[in-house]
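Colleague: next input, structure requested:
(chains A and B)
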Amino acid sequence: MLITRISIKDLDWVLLALTLSLASIGLLAIYSATHGKGVSSVDVYYIRQIWWLAIGALFMAFTTLVDYRTLGRYAYVFYGIIVLSLAYLLLFGKAVSGAQRWIELGSINFQPSELSKVILVLALAKCLQDKSRGGLLGFRSLLLPVGLVLLPFALVVKQPDLGTALLLALMAVIMVFLCGIKRRTLIYMLVLALGLTLLLWYFMEDYQQGRVINFLYPNADPSGAGYQSLQSKIAVGSGGITGKGIMAGTQSGLNFLPEKHTDFIFAVVAEELGFFGSSLVLFLYLAIIIKGLNIAFSARDLLGVLMAGGVVIMLSLHVVLNIAMTVGMAPVVGIPLPLMSYGGSSVVTTMAGIGLLMNVRINKS
Amino acid sequence: MLFGNIETLEITEIRKRLLILSILVLISMGVLFIRLWQLQISQSEKYRTLSESNRIRVLPVKSPRGYITARNGAPLVENRPEFKLYLIPEEVPDVEELLSRMEGNISVDMELVKERLASSRKFKPVLVKDDLGRNELAFLEEHRPDLPGTFIQVEPVRFYRYGPLAAHLLGYLGEISEKELRNRTRDRYMIGDYTGKSGLEKAYDRELRGLKGRKFMEVDALGRELRPLGNIEPTIGNIVTLTLDLDLQILAEDLLLDERGAILVMDPRDGQILAYVSKPAFDPNLFVSGLRKQDWEELSTDKTHPLQDRVMQGQYPPGSVFKIITAVAALEEEVVNEETTVYCPGHYYFGKRIYRDWKRSGHGVVNLHRALVESCDVYFYQVGEKVGVDTIHKYAKGFGFGKALNIALGRGQPGLIPSTTWKTEVKNEPWFPGETLITAIGQGYVLVTPMQLAIMISAIANGGTLYLPQFVERVENQEGRIIKRFKPQELGTIPATPATLAIIRKALWGVVNEPKGTGKGAKLPWVEVAGKTGTAQVVRYKKWNRKQIGTPKELLDHAWFVSFAPLEEPSIALVILIENAGKGGSRYAHIAKKIIEAYLSKQTKTGVNETSSR
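Modeller: Sure thing, here's the model as predicted:
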């Protein structure tokens, strides 16, 4: 059946409530981070975010209501579309701050690399399900999955957007592990990964190498590249237990904190709402992830496990890496915080992912 | 069933790994939780001190934009000081009372100020009023002791010395949009900055912008400014010197009076633009610190479209000016020669229709020279019919028509040169032979921009080279060091042999200098002027009742006049367009005369300098 017939009680209301709570805290933080510069255009950010959340809800409805097995059947079609749009971007895209990440649809800007994350989950789930029929994955049955990842990976690296590309690769690797892999193949893969890492380092842009070095020695250059990391830590730390109050954060208010409404939104929350706020956010994410794991656990078939598992992997990686970056435990790589960071592509991707989770839950029996 | 079992088996296996995944996630979240505890509880004091000792606030200092000057160095666009009144709410005992005391003496938009106050951050200055007038400044100076917590700041603001003069070329500024901000993060732009939005202000924004300065302020944890700690001065933007001749520009603007239209003056020797007029225009000064809503509404709803650049973006049928192209095509394809004659009774029967000449009594027996001089339609109906629309199309393309001109100033409109393939592809209709006739006289589907005509007439003047229009002569920094100097750029060569060109030029001379010429108004006693008139019908295929009284203004004919001089060594070429003039181009030839006269008489005075400075 194409569209799942569901009743109200089939919906996962807890998951929806968690999603909404995080989005609301995000809106508050975006408002706080961008309001009141005496400029009219600034206040637009949180309104735009509300619109994106609404669009995200549509995507979520789609990924909830179309049976995931049907979605799996069309996974390669979605995959083809997203790879084509990534390729289009490379060929015809306008450079935005040195990188071609945006597709313009009228006045709306869209980042296909974001959406490629959830589509990769779909395609990989489908592909791994097909390949692992006999049990553990061997070297040969890994060829197609690896190809599936490498194509968007290469296109995103070329943009260049190393953060997103690495995230795609990491997601895929964990999904493959989840599906199961032969021990000998595992060793080969590790050697290959090491080689690829060295190769990647060689192809990195200067600023990307700088970021990695800067991560290893953050104090080397506190005013330059290490600045963001340090200022973000100060923002989080100075928030203390109860925070400085909404819109009273000095770190974000006095512009010490760059990218505060996008990648560093968690720092705004931590500074203004303190440990209470930041740990609340952490627990809300944890709750979503645990719900997701639960759904994966009780899925009826391999495809369902891999889809739900893939979404959980995607969400966990984003949350962990973004917050780790904000608290100075990971390099500044430009990974958004799902549902909270300002940015439509990320919101839509995350909500589509959560829709998938609900889908697998609804169709578990 | 068997297959189902395998899957179920595998799922139990996979659940084990899911468990591992769950544990990994829990561990990483736990680590983050501990880290948050560490930062926000254990070490919170340390970071609080660090945040408080984040005492140096770096404030950007606006850099004055570079000047835009005319070719002789006279500034067209500069900066003037703008005085802004700010208040710091925390330092004012009673904000309401203070504002009410100002009321009457300073025109403050109370609503706006209250809005800004509501969304302000602690100890951050709030803008009360920008662009303070002389009287307002005097009042504030006088009452300074009674107005604690307020201060006046001076900022450079863009000033267009001549108001709407060359407004479409110079362009205007606007607050940087979210999209531009994202596209240009490397340019150190910030929210609230102003940037070039159109014209040269946009095209040369990078040059004009300058480099922001920085002011280091000691602030306390609340963000209150304590004392200045020094600053880095902003760097003023580069000076962009145009090829524009200011006197000529002023003259051209005046000559256009209140008409809608365009005048473009080009140096045919290198494509340098000497004057660039598009009317009606707007005053870019309105935009410099935020266009008022009311002004924007006025500008954007004005039916005469003052924001539209008619030179590059206006597309019009060229009318008889296009006969030059038809003539070149006919000569090159040897359909006619100088001796070929046609009898013009004032009309021409073709198919089942009658095609009229503008002169109802007819021109009699005409050859190519007379046909151009007197702008005989019937001659070109017949010649066009023989040449064919696709050949006309080929030659028009060779002159650069039907193609968008893409230059720093922006992308111009392409105009339109019809062909049989175009008609079938776009209109999905066959080409009707009658349409060739009206194409030959520049009517029907043919559309051109004034810029395209200027490039064409310059090429005819200079012996065949199509030059890219050049607006900027050089860019130099404030110390006078030249950063860029621009050279003429060729677009190509026109598809006409010297012999053909000689016939055309002789005819264009005749248009102005022979007794029956349609452009006699441009005749000068001391220099040989050449030109061509054009009258473009706005409504296609309309019957010969255009002159009847009561035709609405927007349906009246457009008038064209293209011209160059001196005939032998041309140094000026120009295009005049009058929208909905209702009269022929010949009625506007005198404008060309005045511009040519002014330019050439100045050149003979300073002739030596002018040529050597190139």
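Colleague: separation between A:F297 and B:K532?
Modeller: Computed as CB to CB, to the nearest Å, the A:F297 to B:K532 distance reads 84 Å. The C-beta positions use only the backbone N, C-alpha and C, and glycine is treated the same way.
Colleague: list the contacts of B:L112.
Modeller: Contacts for B:L112 (CB atoms under 8 Å, 6 or more residues apart in numbering or on different chains) come out as none.
Colleague: which secondary structure element contains it?
Modeller: helix B:110-118 (DSSP states H and E).
Colleague: who's more crowded, A:F297 and B:K532?
Modeller: The neighbour comparison of A:F297 against B:K532 (other CB atoms under 10 Å in any protein chain shown) goes to B:K532, with 32 against 17.
Colleague: which elements pack onto the host helix or strand of the more buried one?
Modeller: B:K532 is located in strand B:530-536, with elements delineated by DSSP H and E. Here strand B:530-536 is seen to pack against helix B:498-513, strand B:558-565, helix B:589-605 when contacts are counted using 3 or more CB pairs under 8 Å, 6 or more residues apart in numbering or on different chains; DSSP states H and E.
Colleague: pLDDT on it, on average?
Modeller: When pLDDT is averaged along strand B:530-536, the result is 94.
Colleague: buried sites along it?
Modeller: Buried residues in strand B:530-536, defined by neighbour count with 16 or more other CB atoms under 10 Å in any protein chain shown: B:A530, B:G531, B:K532, B:T533, B:G534, B:T535, B:A536.
Colleague: direction included, what does that strand pair against?
Modeller: If you go by DSSP bridges, strand B:530-536 pairs up with strand B:558-565 (antiparallel).
Colleague: what's the first helix or strand after the strand it pairs with?
Modeller: Proceeding N to C from strand B:558-565, the next assigned helix or strand is strand B:572-578, under DSSP H and E.
Colleague: average pLDDT for that next one?
Modeller: Here the average pLDDT along strand B:572-578 is 96.
Colleague: list the contacts of that strand.
Modeller: Applying CB under 8 Å, 6+ apart, the contact partners of strand B:572-578 are B:256, B:259-268, B:274-275, B:310, B:314, B:316, B:450, B:453-454, B:457-458, B:461, B:558-565, B:585, B:588, B:591-592, B:595-596, B:599-600.
Colleague: now B:K84: phi and psi?
Modeller: Taking degrees, to the nearest 10, you get phi -120, psi 140 for the backbone angles of B:K84.
Colleague: what residues are up against it?
Modeller: Per CB under 8 Å, 6+ apart, neighbours of B:K84: B:L127, B:K129, B:D130, B:D131, B:L132, B:I152, B:Q153, B:V154, B:E155.
Colleague: count of residues packed around the residue of the stretch 1-150 of chain B found nearest chain A?
Modeller: Using CB to the nearest CB, the single residue of the stretch 1-150 of chain B nearest to chain A is B:Y47, 2.5 Å away. Residue neighbour count, defined by other CB under 10 Å, stands at 21 for B:Y47.
Colleague: can you check B:D254 too?
Modeller: For B:D254, the count of nearby residues is 11 (other CB under 10 Å).
Colleague: ok, B:P525 - how many residues close by?
Modeller: The burial count for B:P525: 4, using other CB under 10 Å.
Colleague: what do you get for B:E514?
Modeller: B:E514 has 17 neighbouring residues, counting by other CB under 10 Å.
Colleague: what does the one 10 residues further on give?
Modeller: Using other CB under 10 Å, B:L524 is surrounded by 18 other residues.
Colleague: so it is in which element?
Modeller: Following DSSP H and E, there is no helix or strand that holds B:L524.
Colleague: for chain A, see how far away it is.
Modeller: Distance, B:L524 to chain A, using CB to the nearest CB, to the nearest Å: 50 Å.
Colleague: who's in contact with that residue?
Modeller: B:L524 makes contact with B:A565, B:K593, B:I596, B:E597 under the criterion CB under 8 Å, 6+ apart.
Colleague: quick check, central residue of the chain?
Modeller: All of this is about chain A. A:H318 (4.5 Å; CA atoms, centre = their mean).
Colleague: looking at chain B here, not the other one
Modeller: B:G199 (4.0 Å).
Colleague: that older thread, out of the contacts of B:L524, which is nearest to B:S22?
Modeller: B:I596 (85.8 Å; CB to CB).
Colleague: which residue packs closest to the closest one, ignoring adjacent ones?
Modeller: Leaving aside its sequence neighbours, B:I596 sits nearest to B:A565 (CB to CB, 6 or more residues apart in numbering or on different chains; 4.8 Å).
Colleague: now swap in B:W560 and tell me
Modeller: Of all residues not flanking B:W560 in the chain, B:G534 sits nearest, at 3.3 Å (CB to CB, 6+ apart).
Colleague: which residues does the one you found contact?
Modeller: Going by CB under 8 Å, 6+ apart, the list of residues near B:G534 reads B:P318, B:G319, B:S320, B:V321, B:F322, B:G442, B:A559, B:W560, B:F561, B:V562, B:G585.
Colleague: stretch A:127-139: how far from the chain's middle?
Modeller: Computed by CA atoms, centre = their mean, to the nearest Å, the chain-centroid distance of stretch A:127-139 equals 26 Å.
Colleague: any idea how far B:A530 is from the residue nearest to the centre of chain A?
Modeller: On the measure of CB to CB, A:H318 and B:A530 end up 71 Å apart.
Colleague: again, but for B:A507
Modeller: Note on B:A507: its distance to B:A530, by CB to CB, is 9 Å.
Colleague: same deal with B:L501?
Modeller: Distance from B:L501 to B:A530, by CB to CB: 12 Å.
Colleague: can you report phi and psi for whichever residue of the stretch 251-365 of chain A sits closest to chain B?
Modeller: Residue of the stretch 251-365 of chain A nearest chain B, by CB to the nearest CB: A:F275 (4.0 Å). With angles defined as degrees, to the nearest 10, A:F275 sits at phi -60, psi -40.
Colleague: number of nearby residues for B:P498?
Modeller: So B:P498, with other CB under 10 Å, has 8 neighbours.
Colleague: picking up where we left off before, list the buried ones in the helix holding B:L112?
Modeller: For helix B:110-118, by 16+ other CB under 10 Å, it's B:V113, B:R116, B:L117.
Colleague: cool, and stretch B:94-102?
Modeller: In stretch B:94-102, counting by 16+ other CB under 10 Å, buried: B:V95, B:L98, B:L99, B:M102.
Colleague: using the three-state scheme, assign B:R158.
Modeller: Classification of B:R158 by DSSP: H, G, I helix; E, B strand; the rest coil places it in strand.
Colleague: please apply the same query to B:N79.
Modeller: Applying three-state DSSP: B:N79 is strand.
Colleague: report the beta-bridge partners for it.
Modeller: B:N79 has these beta-bridge partners by DSSP bridges: B:R158.
Colleague: likewise the one 5 residues further on?
Modeller: With DSSP bridges as the criterion, the beta-bridge partners of B:K84 are B:Q153.
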